[in-house]
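In: test case, fold it:
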Amino acid sequence: MVAPQDNDRLEVGLQSSQSEERVVPLRLQKFLARAGVASRRGSEDLMTAGRVTVNGVVTTELGAKVDPLVDVVAVDGVPVLVAGAPVYLALHKPSGVVTTMSDPQGRPTVATLVPTDQYPGLFPVGRLDFETTGLLLFTTDGELSHRLLHPRWKVEKSYAVLADGRLDAKDIERLEVGIKLDDGLTAPAKARILDHRATNTLAEITITEGRKRQVRRMFSALSHPVIELHRVRFGPVELGMLGPSSWRHLSADEVTDLRRVTEMGE
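Out: Modelled structure (predicted):
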């Protein structure tokens, strides 16, 4: 059976351990049958009923083929998972947790918050500071992770920032033009003020770089140090209503969008 909606899972391919018997591409109904969704005939019925999508597009043609290492297949909007396929997760990282899979100092790590026993080789895509909260992606897909972090693809990362003092239009302009830090001028950012409070400002900033503690350093350069920092978006993936310390599988559409912004599989 297809996985239920409340345990949304993703499949982007069937990986064989260097088996010479592996054939790519596969007929879509054969792929679905291998994944345990239904029998070959049952899979064909799902296709003709318009319940199967490949990379977000409804596919009814029985002769359609997929590359299990590239294409994202879903039934009724629920991604299909095959053992050994690349895995993509979103975690709502809480404060006070280190973004490493192990820590020699014995501090709590994000490894305890995601199913590493179920998915060996899972690792975080980039880092969030010890005190920073919000969206942290995990995967077993090394190539996609590399591209998401590489400056060539300029993948956006958005943060909600509670900053000390009252930011003004000139501060926003400086963020958007670029801030001179000790390791060089930052790339232009997108920024806006969300709310002025009695002694601080709630703002949003979107950057395309990944320098160490970059957002905190940018606001410190404005003499408005960060009080709280929370990542709400990484590329096309949003944190949404995911609770602190909780994780979920990315949807088929989300992975397709991640591959699109990094020019993979095009």
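
In: with adjacent residues omitted, what lies nearest to residue 76?
Out: residue 51 (5.3 Å; CB to CB, 6 or more residues apart in numbering). Yep, even glycine has a C-beta here, placed from its N, CA and C like the rest.

In: surely the one you found meets residue 75?
Out: Yes - Residue 51 lies in contact with residue 75 (CB atoms under 8 Å); the separation is 5.7 Å.

In: ok, the residue nearest to residue 76 - how many residues close by?
Out: Neighbourhood size, residue 51 [other CB atoms under 10 Å]: 17.

In: wait, isn't residue 217 in contact with residue 184?
Out: No - using CB under 8 Å, residue 217 makes no contact with residue 184, being 11.4 Å away.

In: mind listing the helices for the stretch 101-250 of the chain?
Out: 142-149, 169-177, 214-221 (DSSP state H, counting those that start in this stretch).

In: want to try CSV for those helices, with mean pLDDT, mean neighbour count and distance to residue 239 as columns?
Out: Shown next, in CSV, are the helices of the stretch 101-250 of the chain (pLDDT from 0 to 100; neighbours: other CB atoms under 10 Å; distance: least, CB to CB, whole Å):
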stretch, mean pLDDT, mean neighbour count, distance to residue 239
helix 142-149, 89, 17, 16
helix 169-177, 98, 15, 21
helix 214-221, 98, 20, 16
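
In: turn those into JSON lines, including distance to residue 199.
Out: JSON lines is the format used below for those (distance: least, CB to CB, whole Å):
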{"stretch": "helix 142-149", "distance to residue 199": "35"}
{"stretch": "helix 169-177", "distance to residue 199": "16"}
{"stretch": "helix 214-221", "distance to residue 199": "15"}
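
In: and of the ones you listed, who's closest to residue 261?
Out: helix 142-149 (8.2 Å; CB to CB).

In: how far is that closest one from where the chain is centred?
Out: Centroid displacement of helix 142-149 relative to its chain, using CA atoms, centre = their mean, to the nearest Å, is 11 Å.

In: noted, bye for now.
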